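Asker: have a look at this prediction, sequence included:
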Amino acid sequence: MTFDELVAKVRKMAQKVDASNKDFLAVQINIEGKESGVFYVECKDHRINVEPYDYHDRNCAITMNMTNFNKLIDGKLDPVLGYTTGKIKVDGDLSKALEFSKLLK
């Protein structure tokens, strides 16, 4: 999977998420490895936007490789286990990273 395909997959998933109970959440995703890149997921005004840019006023940044991110969004990687084993790195508010992972479900 290419980075652009990953962003498209996350956008498609975001369209199905009920964000009516979320006020604001901004998470930058840093994908490391061969297919690397940066994108953000922003929940604002009860809508979710996914854009392939840096987000400087984010709540947190989550860094992992493409394989682990796919496992995370497919429900095959528990976010807490991924964090404690070093597969997922979080810079910023850890509770917001957990909130983001719940949005994915």
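Answerer: Arrived safely, thanks for sending.
Asker: and the residue nearest to Asn49 when sequence neighbours are not counted, what element?
Answerer: Of all residues not flanking Asn49 in the chain, Glu42 sits nearest, at 4.8 Å (C-beta to C-beta, 6 or more residues apart in numbering). From N, CA and C alone the C-beta is placed, and that goes for glycine too. Assigned by DSSP states H and E, Glu42 belongs to strand 37-44.
Asker: what lines up beside that strand in the sheet?
Answerer: Here strand 37-44 is paired, per DSSP bridges, with strand 24-32 (antiparallel), strand 47-51 (antiparallel).
Asker: so for the last one, what gets flagged as buried?
Answerer: So that's strand 47-51. Residues Ile48, Val50 are the ones in strand 47-51 that count as buried (16 or more other C-beta atoms under 10 Å).
Asker: and for it, what's in contact with it?
Answerer: For strand 47-51, contacts defined as C-beta atoms under 8 Å, 6 or more residues apart in numbering pick out Val7, Val10, Arg11, Ala14, Gln15, Val17, Ala19, Phe39, Tyr40, Val41, Glu42, Leu103.
Asker: from these, pick the one nearest Ala61.
Answerer: Ranked by distance to Ala61 (C-beta to C-beta), these are led by Tyr40 at 8.9 Å.
Asker: what about the closest residue to that closest one other than its chain neighbours, how many neighbours?
Answerer: In this structure, Tyr40 finds its nearest non-sequential neighbour in Tyr55, 3.7 Å apart by C-beta to C-beta, 6+ apart. By the measure other C-beta atoms under 10 Å, the count of residues near Tyr55 is 17.
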